[in-house]
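Asker: Curious how this folds, go ahead:
(2 chains)
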Amino acid sequence: MPTLETNRAIDAVWRIEAARLIAGLTRMVHDVGLAEELAQDALVAALEQWPESGVPDNPGAWLMAIAKRRAIDMFRRRETLDRKVTEIGRDMETQELPTAEPDFDAIHSNISDDLLRLVFISCHPVLSTEARVALTLRLLGGLTTEEIARAFLTPEPTIAQRIVRAKKTLAQKKVPFEVPAASELEERLASVLEVVYLVFNEGYAATGGEDWMRPALCEDAMRLGRILAELVPKEPEAHGLIALMEIQASRARARTAPDGTPVLLLDQDRSRWDQLLIRRGLAALDRAAAIGEPMGPYVLQAEIAACHARARTPEETDWPRIAALYARLVQLVPSPVIELNRAVALSMAFGPEAGLGIVDELTEIPSMQNYHLLPSVRGDLLAKLGRQEEARAEFERAASLTRNERERELLLKRAAE
Amino acid sequence: MRFMVMIKSDERTEDGVMPTEEELNAMGRYNEELVKAGVLLAGEGLHPSSKGARVKFTDGKPTVIDGPFAEAKELIAGFWLIDVKSKEEAVEWMKRIPCTDGAEVNVEIRQVFEADDFGEAYTPEQRERDEQLRLAAKKD
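Answerer: Here you go, the predicted structure:
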């Protein structure tokens, strides 16, 4: 029986090798679903043999050799069956194999190219976002179905089904295993970045005391983000995304009070910010800037986060720069929430009147009617301007709109001041 | 989980003997693998202890002692900081450190303390226990 330690060693090897293994196999057999099955077969073989023989010196090569042999057997059997069908002239049940001829010598191709192709196919827009997330975590993150299910608080069979259907869709729609053409690259890359950031946010939103699998999603996402930045080093948005994630993650130890309540950024103990992650995030932004293209949405968001990260105290925050960055961001991503953030930055930089005009305009927008942060911000600006009665009304309105108990308490407290 | 991976010193590193070009290339390729895998947070080589110093505190009073220091095996020649899912994964990466034939190289890993990301309640011991439970449930 495999011991716990050997199992864990094999888990570790899997986490390191899975993505490259699947990528290389997909290149050979032209089908990502089949590639994953073959990779899983190799893993089963490892689980059977390594407890006896020990983990081999080159585990990746061992797994690939097993998977390749299995694939060759499969295709040979199909050839034999095909021949028999022709001989007998009768319909026989054949294994559902891709029609394209396998290319087993493709092992010599650049594994990084294959890995990048796997990234793009896992995040293909023909799949729903949920499917992309599950497939990416499975094929590229090396997570088991169970781990994904726990991380997203979803039943395991649901995730399993989601992955099965995703692979079917890719096969049915004959999605090619390739890096998108230059004309499509930006859009396709955006869908990859979206998946990674979604995983990060899922982990970031997880609260203390929950299954540790959930906050660990942040690390899974950052790992994927770092891998991606190395695969597409000339894409500034890839560096922007990892910068954003690292700088946000740098605040993890300061975000919650001992009793678990969230602490706002401006109230956080900055000595608890992880300077290593901040430095890495700023370095990633430097890489993005060196490419010399206009700033995209992830770079802009990361630059905003960097403004906070560089300030040793809240008073040292470069609010004018933040306001300017939000101005550029809202041009790329026209969102009233971003406009609201811009208004806050402007008022921090130039006084409450500077932001109030924008906030007043935002109150007209239908989608903002039930957004509690809008009256909350308006109340804050009005209070700073000495317009107490109006401020109170806004705080009460905000309190009525929020579903969060703690936040309601805080808003009602401000209303009473 | 973060781990510090430390390469111990030996006579060569303490004597300030530079690695060969082949060794540098091999190590460069290894570092590149760590970066491409998304697990490297930081990594540096350290000068020999002849360029270093120690501070010893007795009754709160510091005494400075300049290097070199005698016990090469106890010293560190370089380190990596890696971010991986488990100690087993850290070990698996360690096993891939390039090492010329015939040389004896000692590498040590230590887990980095994470402050309580999960609140006071969720200790590493609980995390471990939960994982055991999870694995036991798998067997059913």
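
Asker: Can you read off the backbone torsions of whichever residue of the stretch 301-417 of chain A sits closest to chain B?
Answerer: With CB to the nearest CB as the measure, A:Arg406 is the residue of the stretch 301-417 of chain A nearest to chain B, at 15.5 Å. Where C-beta positions appear, they are placed from N, C-alpha and C, glycine not excepted. Backbone torsions of A:Arg406, given as degrees, to the nearest 10, read phi -60, psi -40.

Asker: Is it in contact with A:Thr261, as I believe?
Answerer: Yes. Here A:Arg406 reaches A:Thr261: they are 6.2 Å apart, a contact under CB atoms under 8 Å.

Asker: picking up where we left off before, now the residue of the stretch 301-417 of chain A closest to chain B: how far from A:Val29?
Answerer: From A:Arg406 across to A:Val29, the span is 53 Å (CB to CB, to the nearest Å).

Asker: do the same with A:Val344
Answerer: A:Val344 is 53 Å from A:Val29, by CB to CB.

Asker: shaky segments in chain B?
Answerer: B:115-140 (pLDDT under 70).

Asker: Which residue ranges of it form helices?
Answerer: Counting by DSSP state H, one finds helices in chain B at the ranges B:11-14, B:21-36, B:87-94, B:124-139.

Asker: Pull out the buried residues from the first one.
Answerer: Yep, that's helix B:11-14 we're talking about. Applying a neighbour-count criterion of 16 or more other CB atoms under 10 Å in any protein chain shown, one finds B:Thr13, B:Glu14 buried in helix B:11-14.

Asker: would you put the C-alpha positions of it in PDB?
Answerer: Provided in PDB are the C-alpha atoms of helix B:11-14 (Å, rounded to 0.1, in the frame of the first residue of the first chain):
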ATOM      1  CA  GLU B  11      35.900  24.800   1.400                       C
ATOM      2  CA  ARG B  12      35.600  25.900  -2.200                       C
ATOM      3  CA  THR B  13      32.900  28.500  -1.500                       C
ATOM      4  CA  GLU B  14      34.700  29.700   1.600                       C
END
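
Asker: got a list of contacts for that helix?
Answerer: Residues outside helix B:11-14 that contact it (CB atoms under 8 Å, 6 or more residues apart in numbering or on different chains) are B:Pro48, B:Ser49, B:Ser50, B:Pro68, B:Ala72, B:Leu75, B:Ala77.

Asker: give the contact list for the closest residue to the second one other than its chain neighbours.
Answerer: Taking CB to CB, 6 or more residues apart in numbering or on different chains, and ignoring the residues beside it in sequence, B:Ser49 has B:Gly67 as its nearest neighbour in space, at 3.8 Å. Counting by CB under 8 Å, 6+ apart, B:Gly67 touches B:Pro48, B:Ser49, B:Ser50, B:Lys51, B:Gly52, B:Ala53, B:Arg54.

Asker: What of A:Arg165?
Answerer: A:Arg165 neighbours (CB under 8 Å, 6+ apart): A:Ala131.

Asker: give me phi/psi at it?
Answerer: Torsion angles, degrees, to the nearest 10, at A:Arg165: phi -70, psi -40.

Asker: which bits of the stretch 251-400 of chain A sit near chain B?
Answerer: A:Ala252, A:Arg253, A:Thr256, A:Pro258, A:Gly260, A:Arg272, A:Leu276, A:Arg280 (CB under 8 Å from any CB of the partner chain).

Asker: hmm, 6 Å instead?
Answerer: Proximity of the stretch 251-400 of chain A to chain B (CB under 6 Å from any CB of the partner chain) is limited to residues A:Ala252, A:Arg253, A:Gly260.

Asker: Most neighbours among those residues, please name it.
Answerer: Highest neighbour count within these, by other CB atoms under 10 Å in any protein chain shown: A:Ala252, with 19 neighbours.

Asker: ok, back up a step: A:Arg406 and A:Val29 - which one has more neighbours?
Answerer: Applying other CB under 10 Å to A:Arg406 and A:Val29 shows that A:Val29 carries more neighbours, namely 27 against 10.

Asker: Please tell me how far that one sits from A:Ile72.
Answerer: In terms of CB to CB, A:Val29 sits 10 Å off from A:Ile72.

Asker: where does chain A have low pLDDT?
Answerer: Using pLDDT under 70, chain A drops low at A:1-2, A:85-97, A:99, A:105-109, A:207-211.

Asker: that's a strand at A:Phe177, yeah?
Answerer: No. Under DSSP: H, G, I helix; E, B strand; the rest coil, A:Phe177 falls outside any strand and is assigned coil.

Asker: So it is in contact with A:Thr26, correct?
Answerer: Yes. The pair A:Phe177 / A:Thr26 is scored as a contact, 5.4 Å apart, by CB atoms under 6 Å.

Asker: quick one: which of those two has more around it?
Answerer: Neighbours were counted for A:Phe177 and for A:Thr26 using other CB under 10 Å; A:Thr26 has more, 24 against 18.

Asker: distance of that one from chain B?
Answerer: The spacing between A:Thr26 and chain B, counted by CB to the nearest CB, to the nearest Å, is 18 Å.

Asker: Excluding sequence neighbours, find me the nearest residue to that residue.
Answerer: Leaving out its chain neighbours, the residue that sits closest to A:Thr26 by CB to CB, 6+ apart is A:Ala35, at 4.0 Å.

Asker: Contacts only, for that neighbour.
Answerer: A:Ile22, A:Leu25, A:Thr26, A:Val29 (CB atoms under 6 Å, 6 or more residues apart in numbering or on different chains).

Asker: Now intersect the contacts of B:Gly67 with the strands, please.
Answerer: B:Ala53, B:Arg54 (DSSP state E).

Asker: and of the contacts of B:Gly67, the nearest to chain A?
Answerer: Using CB to the nearest CB, B:Gly52 comes nearest to chain A of the contacts of B:Gly67, at 22.0 Å.

Asker: so how far is A:Ala345 from the residue lying closest to the closest one once chain neighbours are set aside?
Answerer: Nearest residue to B:Gly52 in three dimensions, chain neighbours excluded: B:Gly67, at 4.2 Å (CB to CB, 6+ apart). From B:Gly67 across to A:Ala345, the span is 50 Å (CB to CB).

Asker: With A:Gly203 instead?
Answerer: Distance, A:Gly203 to A:Ala345, using CB to CB: 27 Å.

Asker: Comparing those two, which shows the higher neighbour count?
Answerer: A:Ala345 (25 against 22).

Asker: Tell me the secondary structure at the more buried one.
Answerer: helix.

Asker: tell me the contacts of it?
Answerer: With CB under 6 Å, 6+ apart, A:Ala345 has these contacts: A:Trp319, A:Ile322, A:Ala323, A:Tyr326.

Asker: Looks like the second one contacts A:Cys307 (just checking).
Answerer: Meaning A:Ile322. Yes. Between A:Ile322 and A:Cys307 there is a contact under CB under 6 Å: 5.0 Å.

Asker: Longest helix in chain A, by number of residues?
Answerer: helix A:59-88.

Asker: Just the buried residues of it, please?
Answerer: Quick answer for helix A:59-88 (16+ other CB under 10 Å): A:Pro59, A:Gly60, A:Trp62, A:Leu63, A:Met64, A:Ile66, A:Ala67, A:Lys68, A:Arg70, A:Ala71, A:Met74, A:Phe75.

Asker: Which strands and helices lie in contact with that helix?
Answerer: Contacts defined by 3 or more CB pairs under 6 Å, 6 or more residues apart in numbering or on different chains; DSSP states H and E place helix A:59-88 against helix A:4-29, helix A:32-53.
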